[in-house]
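**Student:** Requesting a structural model of the entry that follows:
(2 chains)
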Amino acid sequence: MHVPDGFIDAPVSIAAGAVAVAGVGIALRGARRELDDRTAPLAGLTAAFVFAAQMLNFPVAGGTSGHLLGGALAAILVGPYAGMVAVSVVLILQALLFADGGLSALGVNIILMSLVTVAVGYGTFRLLLRVLPKTRASVSGAAFVAALLSVPASALAFTLIYAVGGTADVSIGTVAAAMLGVHVLIGIGEALITAVTVSSVLAVRPDLVYGARGLLKPAELRTARPAASQVRGEAT
Amino acid sequence: MGAGHAHRLYLPGASPVHRLPPQTKIVAVVAFVLLVVATPRERMWAFGVYALLLAAVALLARVPFPTVARRTVIEVPFVAFAFLIPFVAQGEKVAVLGLQVSQGGLWDAWNILAKGTLGVVASILLAATTEPRLLLLGIERLRMPPLITQIAAFMLRYVDVVTAELGRMRVARASRGFEARDLRATRVLARSVGALFLRSYERGERVHLAMVSRGYDGRMPVMHDVGATAAQWTAAALLPSAAALVALTAWIAP
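**Tutor:** The predicted model follows:
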């Protein structure tokens, strides 16, 4: 759901742009800490991954379908700062190359779909992991709740921005109710995909799940130990 | 919402609009869109003039109108939303075609439709006349941190590879009889997303190693520069200047 031009008035759009610039600037510095000189290729490929994953439509109910926003997923997989940068880059390119989301609303879109989803998603995820037992099930459970909350949080942030700079005379209560209603449903889809994705990455490369680094033991290569007699046989 | 971005917007050409340096076009479009957003919605004529300005640019750039129209479908979810507003907005009610709708709501719907459409068309014209690679050079000239443009360049370079990977997974799923019908499909789809992430990330690691072995030190070499002359800036400023005149008139005129 990319906000187009004309939805939010000009002063608030410009202010949101300034906030987004500051946010992405901070995220960029953090991403360099997370990934050092691998930042460009890894964040770039992560952005390409988020972009492609957003194309994957999943059926919601009654023939409608939703697609992934990917903020929480990216944050859990590559880290909050790198995730923020990757999703912001996706949004910038969508606005510039695909006319998806207004150019004047780019700041609003970055705040809603990158900064808020990542901050809420990753914050929830880490908080939950602090209290849950350190198992694979609790990592994917935490990912589920994180993604579930990140989508309505983004809708709530939209309602706030709308209350300040909205151009339509619709009561804030109506907007909040409509946005939250729809986005709780979308959030469930997002949560399911995020949880199963995180858990399947955990099963193969636990070291690649940034949010659960150090929590679980790395997968070890297990091979059947050859019988003693066989070994002796080979030696001769 | 929406169905992803299946086709690129760039239309190769050699028109005067195509030849302008990218940074001048980006500044022009952003200024134009901000002016449109700041125009009072009651001045309907102003939006007509804005549309004529964009039409003139499209003619000059030889971007066919049907192409632009086809690509505006990206804003369909918001058009649907705009049509709902008159029914939920507050304020005085008027009868339209026998339906009671809010008068303020009608203005709101018009406001979003007009400004949103003008914004989408302006962005489409920018994307249609500027090569994606040049757009990135343009935002870098506009003081975007080089790291952001590097990341964007990598995304642009590999997005087709990653999308093709996703496509092959879809074919593999379909050829094994999989069809996404309801929520139970999530498991399978999410496994695909997980595999896609692993393949993308590991590709990123390999790309990084390949770059390091060719002398990468955190900066990309500048292959060519896209400087803009004063004349080019002036040419690009034509669109926002005309729009500024219109906006000013709309603000002052009764």
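
**Student:** OK, contacts around residue 190?
**Tutor:** No chain was given, so I picked chain A. Residues in contact with residue A:190 (CB atoms under 8 Å, 6 or more residues apart in numbering or on different chains) are A:66, A:68-69, A:72, A:147-148, A:150-151. Where C-beta positions appear, they are placed from N, C-alpha and C, glycine not excepted.

**Student:** you looked at the wrong chain, it should be chain B
**Tutor:** Residue B:190 makes contact with A:192-197, A:200, according to CB under 8 Å, 6+ apart.

**Student:** ok, so what distance separates it from residue A:196?
**Tutor:** Residue B:190 is 3 Å from residue A:196, where distance means CB to CB, to the nearest Å.

**Student:** for residue B:51, same thing?
**Tutor:** Per CB to CB, residue B:51 is found 47 Å from residue A:196.

**Student:** do residue B:78 as well
**Tutor:** Distance of residue B:78 to residue A:196, computed by CB to CB: 31 Å.

**Student:** what do you get for residue B:29?
**Tutor:** Distance of residue B:29 to residue A:196, given as CB to CB: 40 Å.

**Student:** still on that earlier bit, tell me the one of the contacts of residue B:190 nearest residue B:150?
**Tutor:** The shortest approach to residue B:150 among the contacts of residue B:190 belongs to residue A:197, at 26.3 Å (CB to CB).

**Student:** Tally up the residues packed near that closest one, please.
**Tutor:** 29 (other CB atoms under 10 Å in any protein chain shown).

**Student:** Just the contacts of residue B:190: which are in helices?
**Tutor:** A:192-197, A:200 (DSSP state H).

**Student:** Using CSV, please lay out these together with pLDDT and distance to residue B:155.
**Tutor:** What follows is those, written out as CSV (pLDDT from 0 to 100; distance: CB to CB, whole Å):
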residue, pLDDT, distance to residue B:155
A:192, 87, 26
A:193, 86, 21
A:194, 90, 21
A:195, 92, 25
A:196, 90, 24
A:197, 90, 19
A:200, 89, 23
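
**Student:** can you pull out the strands in chain A?
**Tutor:** Secondary structure of chain A (DSSP state E): strands at A:57-59, A:65-67.

**Student:** Check the average confidence over the last one, would you?
**Tutor:** Taken as a whole, strand A:65-67 has a mean pLDDT of 63.

**Student:** and what of the first one?
**Tutor:** Across strand A:57-59, pLDDT averages out at 62.

**Student:** Pull out the buried residues from the longest helix anywhere in chain B.
**Tutor:** In chain B, with assignment by DSSP H, the single longest helix is helix B:146-175. Residues of helix B:146-175 classed as buried by neighbour count (16 or more other CB atoms under 10 Å in any protein chain shown): B:147-159, B:162-163, B:165-166, B:169-170, B:173.

**Student:** swap in stretch B:34-48?
**Tutor:** Going by neighbour count (16+ other CB under 10 Å), the buried part of stretch B:34-48 is B:34-39, B:41, B:43, B:46-47.

**Student:** Check stretch B:205-219 too.
**Tutor:** For stretch B:205-219, a neighbour-count test (16+ other CB under 10 Å) marks B:207-208, B:211, B:216 as buried.

**Student:** most surrounded residue in the contacts of residue A:190?
**Tutor:** With neighbours set by other CB under 10 Å, the maximum within these is found at residue A:72, which has 38 neighbours.

**Student:** Give me the three-state assignment for residue B:216.
**Tutor:** coil (DSSP: H, G, I helix; E, B strand; the rest coil).

**Student:** What does it show for phi and psi?
**Tutor:** Taking degrees, to the nearest 10, you get phi -70, psi 130 for the backbone angles of residue B:216.

**Student:** Distance check, it against chain A.
**Tutor:** Distance of residue B:216 to chain A, computed by CB to the nearest CB, to the nearest Å: 8 Å.

**Student:** Touching, residue B:40 and residue B:252? I think so.
**Tutor:** No: in this structure, residue B:40 is not within contact of residue B:252 by CB atoms under 8 Å, at 10.6 Å.

**Student:** quick one: pLDDT of the residue nearest the centre of chain A?
**Tutor:** With distances taken as CA atoms, centre = their mean, residue A:71 lies nearest the centre of chain A, 1.7 Å away. Looking at residue A:71, its pLDDT is 89.

**Student:** go on, the one 10 residues further on?
**Tutor:** In the predicted model, residue A:81 carries a pLDDT score of 92.

**Student:** list the helices and strands the longest helix of chain B packs on?
**Tutor:** Helix B:146-175 is packed against helix A:10-35, helix A:39-53, helix A:80-98, helix B:132-141, helix B:186-212, with contacts defined by 3 or more CB pairs under 8 Å, 6 or more residues apart in numbering or on different chains; DSSP states H and E.

**Student:** count of residues packed around residue B:69?
**Tutor:** Residue B:69 is flanked by 11 other residues according to other CB under 10 Å.

**Student:** Run the contact check for the helix or strand hosting it versus chain A.
**Tutor:** Element membership for residue B:69 (DSSP states H and E) is helix B:65-71. Yes: Helix B:65-71 is in contact with chain A by CB under 8 Å from any CB of the partner chain, via residue B:71.

**Student:** Report the buried residues of that helix.
**Tutor:** For helix B:65-71, a neighbour-count test (16+ other CB under 10 Å) marks B:68, B:71 as buried.

**Student:** For that helix, which helices and strands make contact with it?
**Tutor:** Checking 3+ CB pairs under 8 Å, 6+ apart, helix B:65-71 ends up next to helix B:44-61, helix B:103-129.

**Student:** same thing but at 7 Å, please
**Tutor:** Counting contacts by 3 or more CB pairs under 7 Å, 6 or more residues apart in numbering or on different chains; DSSP states H and E, helix B:65-71 packs against helix B:103-129.
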